[in-house]
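Asks: Sequence and predicted structure, then a few things I'm wondering about:
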Amino acid sequence: MFMINIFLSVKRLFDSEFIAPFVRRNCAALAGLLLCSSSFSQNCNLICNGNFDSTAIATSVSLVNFVPCWNTTASDGMFEVWGTGFNGVPSYNGIQHIELNANVQSTLYQDFSVSSGIILNIGFAHRGRAGVDTMEVSIGPIGGPYTSLGRWGDGNTAWGYYTTTHIPSTTGPYRIQFKSVYSSGGNIAIGNFLDAVSVKAVTTFTMANNTICSGATLSLTANGTSPTYSWTGPNGFTSTLQNPTIPNATQAASGFYFLTLGSGCLSSTSVTVVGTTTLAIYNVTGSQSITCVTPSVDLAAVSNNPNLNFYWTSNTFTANTTT
């Protein structure tokens, strides 16, 4: 007969974390510390009236000299707006779309503000009218030089939706342009439907080096450039720095942090900071012994806190269940 004395450690881990939507997290437990890296991508539209729906203009088709947010190079200053379903052509999105060729071949454009180095995600829908029509999309600082993002040709039986990216080289006012290049049939007053235009700025902010223990430094980082940064958070935290830190972080620093960007990207959202990790270790000894007659013993941990995680360890086994 032989005897093994039971000597166990029960580790209790408190994690006061709340997970916000769209927050990507990677965590690992190491030596009783919770190591996490979190990031959030903010994707906000820098232009307005991309669906051409801000003002209900057309139930069928209308020639107008004003469309909110947009400008035209047409010599007569006219826009041609189509209501969805007119002449068998549904809008790609919303209740209206626009035709680049109103009375003459032209370029439709909109101005907005950007910061250098930020990633722009650009999307748009294009469709031919009488056949296959072609348009060119370009972008750049107002007055140029403009960078061609490409040419797109589509027939008149379905919309094509496209996305592309661009990184501005300068900070300031920018322009995106949609130019009629070719109209099927050769009629300069017919061709190139456009809808669902978006120019979205993508900025990611992260928590870095955040081993969340009392006394550690909590780091917040905004990847990308913006004219202004405005951070707010728990315990009265505010900062206008791009990459603020909180030295000697305590439990009071746990919660939601909000970042508002400039450059026309005025929406706010939140990232979650994992709360201070509290680790309690209990050494448990008992009178029971494992013998040939009693080859096993039952161990149980009881708590009314559903947020607790239990870790059992000994010189012969580990477990992460309550029993």
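Replies: Sure thing, it's come through. Predicted, not measured: the structure shown is a model, and the values here were computed from it.

Asks: Roughly how far does residue 164 sit from residue 144?
Replies: Counting by CB to CB, to the nearest Å, the separation of residue 164 from residue 144 is 19 Å. All C-beta atoms are positioned from the backbone trio N, CA, C, and that covers glycine.

Asks: And for residue 117?
Replies: Distance from residue 117 to residue 144, by CB to CB: 20 Å.

Asks: swap in residue 128?
Replies: Distance of residue 128 to residue 144, computed by CB to CB: 28 Å.

Asks: returning to what we had before: the more surrounded of residue 117 and residue 144?
Replies: More crowded of residue 117 and residue 144, by other CB atoms under 10 Å: residue 117, with 14 against 9.

Asks: Test my guess that that one contacts residue 168.
Replies: Yes. If you go by CB atoms under 8 Å, residue 117 and residue 168 touch, sitting 7.3 Å apart.

Asks: quick one: buried residues of stretch 131-139?
Replies: 131, 133, 134, 135, 136, 137, 138, 139 (16 or more other CB atoms under 10 Å).

Asks: And for stretch 176-192?
Replies: Residues of stretch 176-192 classed as buried: 176, 177, 178, 179, 180, 181, 182, 183, 184, 190, 191, 192 (neighbour count, 16+ other CB under 10 Å).

Asks: Closest one of the residues you listed to residue 66?
Replies: Closest to residue 66 out of these is residue 178 (17.5 Å), distances taken as CB to CB.

Asks: quick one on the thing from earlier: taking the buried residues of stretch 176-192, tell me the two that lie furthest apart.
Replies: Farthest pair in the buried residues of stretch 176-192 (CB to CB) is 176 and 184. Separation: 24.4 Å.

Asks: sorry, back to before: pipe the buried residues of stretch 176-192 into TSV and attach distance to residue 68 per row.
Replies: Supplementary listing: these in TSV, determined by distance: CB to CB, whole Å:
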residue	distance to residue 68
176	16
177	18
178	16
179	21
180	21
181	26
182	28
183	26
184	29
190	24
191	23
192	20
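
Asks: Looking at those residues, which are in strands?
Replies: When the buried residues of stretch 176-192 are checked against strands (DSSP state E), the matches are 176, 177, 178, 179, 180, 181, 182.
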